[in-house]
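Asker: Requesting a structural model of the entry that follows:
(chains A and B)
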Amino acid sequence: MKEIVQMIVVLSLICTVCGLALSGYRDMTAERIENQVLMNVQGPKVKLVLDGAENDLIADRRKVTINDRQLLLFIGKKQGKDWAVAFETVGKGFGGDLKVMVGYDIEQNNLTGIQIISHKETPGVGSRVTKDQFTKQFKGLHIDIEIAPNQCPDEIDAISGASYSSKGVCEALRKSIALYPEIRKYVSAN
Amino acid sequence: MGLSKEFTKGLWNELPPFRLVLGLCPVLAVTKSAETGLGMGLAVIFVLTCSNMLVSSLRKIIPRKVRIASFIVIIATFVIIVELTSQAFFYPIYEKLGIFIPLIVVNCIILGRAEAFASRNGIFASALDGLGIGLGYTVSLVVLGGIREILGSGTIFGADIMWASFRPFTFMVEAPGAFVSLGLLLGIMNAFSKSN
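Answerer: Okay, the predicted model is just below:
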């Protein structure tokens, strides 16, 4: 009996101490890790989406709450004035979530471009949505464009053999355009 | 001196990948370049030394029947600390090592040393054991990674060192090249030890 009690006590103690130490360390590093992820994962993509911006896109980011959801906005400036805004939306691809960063020119109300932030698509097939050949089609599209739910608009050529991936990107775009009017209010107010 | 032997054995006699032939899976995967080999090696030194010391200090308290479970919890804790630290301070290396950082938990070397040595010896000896074997492991990874990087990409630690017309032998940075290089190095080391 004593043996069983000792086993339970020792194991529980070890697990508790380790668990506490780990959650403490995780809290300590959480902010730094968030910054690192922003700089290394989203940073390069945001730079591509807001190509031409003259400011530090990571430093000038803004957190806003829309419809009870927290969104991270990246603001691109030209000559000191707000020129474009980019934010991330999610669509459902073939293998899972497709995270897409869409950039908008707030003056002309058209797209500065898109970039795929992360995906779980089939390598060589659906993953081709990340290539320039697909994403460059979105540059210059106007926000009035009509997109049916989970379909690609007429202006976009889907990738043959990767219809789910292509539609997933377009769905992310549709959600993004739906949010744009609200987002627009948070920009160029300064 | 008795204790220094615990340290030096990890550098030749009980060199993990090449003498003990243990923990080979990550060895093959992270030695595409010398830099990733070094990063992985440093992570293993930290986990091995810390877990050896902690297991050794608790060796009289942990009941024999739950010792493996306890060792794994302790090892996993240090591995997660390494993972969080690399994510926070060395993100590029974290991206390159990817899933192999969490896989250190199931690396036979670490559990093996905890069971074979740290649970039966004092804290200082266990620390030296961990440091020695970890250092030997790191050197092995850097040497193997260096060979594969020089022949497979023409660079070392990212710097171009081959002549301009050198065409990289990309076989070396792929999986088959890893097996071949490891096998050749094993053969060379065996031949060297035999002749001594």
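Asker: okay, CA-based contacts and neighbour counts for the rest of this
Answerer: Will do.
Asker: tally of neighbours for the closest residue to chain B within chain A?
Answerer: Closest to chain B within chain A is residue A:33: 4.5 Å, counting by CA to the nearest CA. Close neighbours of residue A:33, defined as other CA atoms under 10 Å in any protein chain shown, add up to 20.
Asker: Now name the helix or strand holding it.
Answerer: helix A:2-37 (DSSP states H and E).
Asker: where exactly do the strands run in chain A?
Answerer: Using DSSP state E, the strands found in chain A span residues A:61-66, A:69-78, A:81-92, A:97-105, A:110-118.
Asker: out of these, deepest packed?
Answerer: Among the strands of chain A, ranked by average contacts under mean count of other CA atoms under 10 Å in any protein chain shown, first place goes to strand A:97-105 (a mean of 25).
Asker: Now find how far off-centre the helix holding residue A:33 is within its chain.
Answerer: The chain centre lies 31 Å from the centre of helix A:2-37; the measure is CA atoms, centre = their mean, to the nearest Å.
Asker: do the same with stretch A:168-185
Answerer: The chain centroid and the centroid of stretch A:168-185 are separated by 12 Å under CA atoms, centre = their mean.
Asker: Walk me through the regions of the chain where pLDDT falls short of the threshold, as ranges.
Answerer: This is for chain A. Under the criterion pLDDT under 70, the flagged ranges of chain A are A:189-190.
Asker: um, chain B though
Answerer: Applying pLDDT under 70 to chain B picks out residues B:1-3, B:6, B:10, B:12-14, B:16-17, B:196.
Asker: Can you tell me the closest non-neighbouring residue to the residue of it found nearest chain A?
Answerer: Residue of chain B nearest chain A, by CA to the nearest CA: residue B:88 (4.5 Å). Using CA to CA, 6 or more residues apart in numbering or on different chains and skipping the chain neighbours, the partner closest in space to residue B:88 is residue A:33 (4.5 Å).
Asker: hang on, isn't the one you found packed against residue B:87?
Answerer: Yes - applying CA atoms under 8 Å as the test, residue A:33 and residue B:87 come out as touching, 6.0 Å apart.
Asker: Sticking with the most centrally placed residue in chain B, tell me its helix or strand.
Answerer: In chain B, the residue lying closest to the centroid (CA atoms, centre = their mean) is residue B:137, at 3.9 Å. Using DSSP H and E, residue B:137 falls within helix B:123-153.
Asker: Near chain A, which residues of chain B? Just list them.
Answerer: Chain B has residues B:61-63, B:65-66, B:69-70, B:73-74, B:77, B:80-81, B:84-85, B:87-89, B:91-92 near chain A, with proximity defined as CA under 8 Å from any CA of the partner chain.
Asker: Can you flag which of the residues you listed belong to helices?
Answerer: Using DSSP state H, the subset of the residues of chain B next to chain A located in helices is B:69-70, B:73-74, B:77, B:80-81, B:84-85, B:87-89, B:91-92.
Asker: if we can go back for a sec, I'd like the strands of chain A as CSV, with distance to residue A:12 appended.
Answerer: What follows is these, written out as CSV (distance: least, CA to CA, whole Å):
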stretch, distance to residue A:12
strand A:61-66, 41
strand A:69-78, 38
strand A:81-92, 41
strand A:97-105, 37
strand A:110-118, 38
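Asker: So which residues on chain A come close to chain B?
Answerer: Chain A comes close to chain B at residues A:3, A:6-7, A:10-11, A:14-15, A:18-19, A:22, A:25-26, A:29-30, A:32-33, A:36-37, A:40, as judged by CA under 8 Å from any CA.
Asker: In PyMOL, select just the buried ones from the residues you listed.
Answerer: Only the buried members of the residues of chain A next to chain B enter the following PyMOL selection, criterion being 16 or more other CA atoms under 10 Å in any protein chain shown:
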select buried, chain A and resi 7+10+11+14+15+18+22+26+29+32+33+36
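Asker: give me the number of residues near residue 145?
Answerer: You didn't pick a chain, so chain A it is. The number of residues packed near residue A:145 is 13, by other CA under 10 Å.
Asker: To clarify, I was referring to chain B.
Answerer: When neighbours are counted by other CA under 10 Å, residue B:145 comes out with 30.
Asker: Confirm for me that residue A:88 is in contact with residue A:114.
Answerer: No - using CA under 8 Å as the test, residue A:88 is too far from residue A:114 to be in contact (9.6 Å).
Asker: list residues touching both of these two?
Answerer: A:100-102 (CA atoms under 8 Å, 6 or more residues apart in numbering or on different chains).
Asker: So which residues make contact with stretch B:148-167?
Answerer: The contact list for stretch B:148-167, computed with CA under 8 Å, 6+ apart, reads B:31-35, B:146, B:168-173, B:177-178, B:181.
Asker: redo that, cut-off 7 Å
Answerer: For stretch B:148-167, the surrounding residues in contact (CA atoms under 7 Å, 6 or more residues apart in numbering or on different chains) are B:32-35, B:146, B:168-173.
Asker: Then stretch B:110-123?
Answerer: Looking at what lies outside stretch B:110-123 - CA under 7 Å, 6+ apart - the contacts are B:48, B:52-53, B:55-57, B:59, B:126.
Asker: Among the residues you listed, which one has the most neighbours?
Answerer: Using other CA under 10 Å as the neighbour criterion, residue B:52 leads the contacts of stretch B:110-123 with 33 neighbours.
Asker: That one is in contact with residue B:128, isn't it?
Answerer: No - the pair residue B:52 / residue B:128 is not scored as a contact, 9.1 Å apart, by CA atoms under 7 Å.
Asker: All set, thanks.
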